[in-house]
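> Have a look; sequence and predicted model below, questions after that.
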Amino acid sequence: MTLARIVAKSLRQHALSTAVTSLSIALACALLMTVWSVKEQARATFTQVDAGFDAVLGARSSKLQLVLNAVFHLEASPANISSNDVAEIQRQPGVALAVPIAMGDNFRGFRIVGTTTNLFTDSEFAPGRRHRLASGRLFDPGRQEAIVGSFAARRLGLKYGDKFQPFHGINFDERHEHEEQYVVVGVLEPSNTPADRVLWIPLEGVQHMSGHAEETSSDVSAALVKLRLPMAGQSLDQIYNKKGDRLTFAWPIGATMADLFNRLAWLDRILALVAALVAIVAAGSILTSIYNSMNERRRQIAIMRALGARRTTIACTILIESMAIALLGSGIGYLFHGAMMQVAAWVIQHQTGVVLEVFAFHPVLVWAPLGMIGLSALAGIVPAIKAYQTDVAGNLAPLN
């Protein structure tokens, strides 16, 4: 009888413990793969997403708050800036484009952002890629019309020709509904950016919305800035951040988001530690499962020895069995990993509009299963030694 058949027979004889142990291995392996995949993808994606702009000009606040608010449509706007501030940065020689945006309203939890049409016609959210309409046309700046991001349109059930009334504030409260009614004239194609979860209306629509202060009707929340050359950001940083004290120039966007992930590095370490502890516990379950079954295996091992099996063969059988359980669990772990990634990707897209690739390759998909198999082999050493030391004569005695 070959080693493979011996191991397979043992796994069948202890099917329940094999199943439970394999599932614990699968969970540990899936956690390791998912934690690392989400961490690495999220960092890479969020530091690369900039909506096609290099910087954000806003009221005096932290750069991170400005970027989260203006680019990712998270957080609250720190304060408004005047139209003169937008006009001033538009005149800067190093600035190729400055697009004003105004926020402060929502429709059933999805943010409404006022802007100008050159956000769609003159900017690229990725090299060589501009926002395109899946249906309809761009809004007329002088009318109550809207363009809806693909994700928002799908979640809200909005399509060309539908009408909606905005709600005041960034959080949905049905008691604060505005009087104005907007008609959907266009739906954007998916871009896998935060723009997918926004309802875009003319800038003046937000500025003159009923219930908004008239004295600040010409103000905007921020300006998205595209530079002619990267070095132009240094001079603007001097003007607004170092010499000025009224406005903040958040540049570069990628570095600002990287700073956020650096601040959360402690959370990454905690998640990695939790995943590693789960892996160790799972390996321990293999040791416990096989070790506890050694008493009932002693007679079987003695018979195998009497038939000519060597001590090393018996020990190798136990090691291979522990590795086989880990291999089975790792295979199931890929299924758990796929399900966990689906959930994580959905949550991140729903909250930020950024899309993670569920089946993207990452080295952790290789080293995590291999690590679990190696760890399981180590866990199998103790029961393998016990099997190696099994007394043949004593265990061949007839059972009473």
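In hand now; what should we look at? Numbering: from 1, shown residues only.

> Only C-alpha atoms from now on, for both contacts and neighbour counts.
Will do.

> quick one, domains of the chain?
The record's domain split for the chain, according to automatic domain parsing, is 3-46+263-395, 55-251.

> Mean pLDDT lowest where, among those domains?
The stretch with the lowest average pLDDT out of the domains of the chain is domain 3-46+263-395, scoring a mean of 80.

> For the stretch 1-150 of the chain, which segments count as helices?
Per DSSP state H, counting those that start in this stretch, the stretch 1-150 of the chain carries helices over the ranges 3-13, 15-48, 63-70, 83-90, 118-121, 150-156.

> Buried ones in the last one, by neighbour count?
It refers to helix 150-156. In terms of neighbour count (16 or more other CA atoms under 10 Å), helix 150-156 has its buried residues at 150, 151, 152, 153.

> Let me have the helices of the stretch 1-150 of the chain in TSV, extended by distance to residue 370.
Listed next are these as TSV, based on distance: least, CA to CA, whole Å:
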stretch	distance to residue 370
helix 3-13	20
helix 15-48	10
helix 63-70	38
helix 83-90	55
helix 118-121	47
helix 150-156	38
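
> So which of the ones you listed is the most surrounded?
Of all these, helix 63-70 carries the top mean neighbour count, a mean of 23, counting by mean count of other CA atoms under 10 Å.

> counting contacts, what elements does it pack onto?
Secondary-structure packing of helix 63-70 (3 or more CA pairs under 8 Å, 6 or more residues apart in numbering; DSSP states H and E): strand 55-59, strand 222-227, strand 247-250, helix 253-263.

> Now do stretch 361-377: everything it contacts.
Counting by CA atoms under 8 Å, 6 or more residues apart in numbering, stretch 361-377 makes contact with 25, 29, 32-33, 36-37, 279-280, 283, 286-287, 319-320, 322-323, 326-327, 330, all of which sit outside it.

> for the chain, what's the longest helix?
Ranked by residue count and defined by DSSP state H, the top helix of the chain is helix 311-352.

> about what we covered before: the helices and strands packed on helix 63-70: which one's closest to residue 12?
The closest of these to residue 12 is helix 253-263. By CA to CA, the value is 46.8 Å.

> ok, and the closest non-adjacent residue to residue 169?
residue 105 (4.6 Å; CA to CA, 6 or more residues apart in numbering).

> who does the one you found bridge with?
In this structure, residue 105 has beta-bridge partners residue 112, residue 168, where bridges are defined by DSSP bridges.

> My read is that it contacts residue 111, right?
Yes: under the criterion of CA atoms under 8 Å, residue 105 makes contact with residue 111 at 6.2 Å.

> what is in contact with those two at once?
residue 170.

> how close does residue 109 get to residue 115?
According to CA to CA, to the nearest Å, residue 109 and residue 115 sit 19 Å apart.
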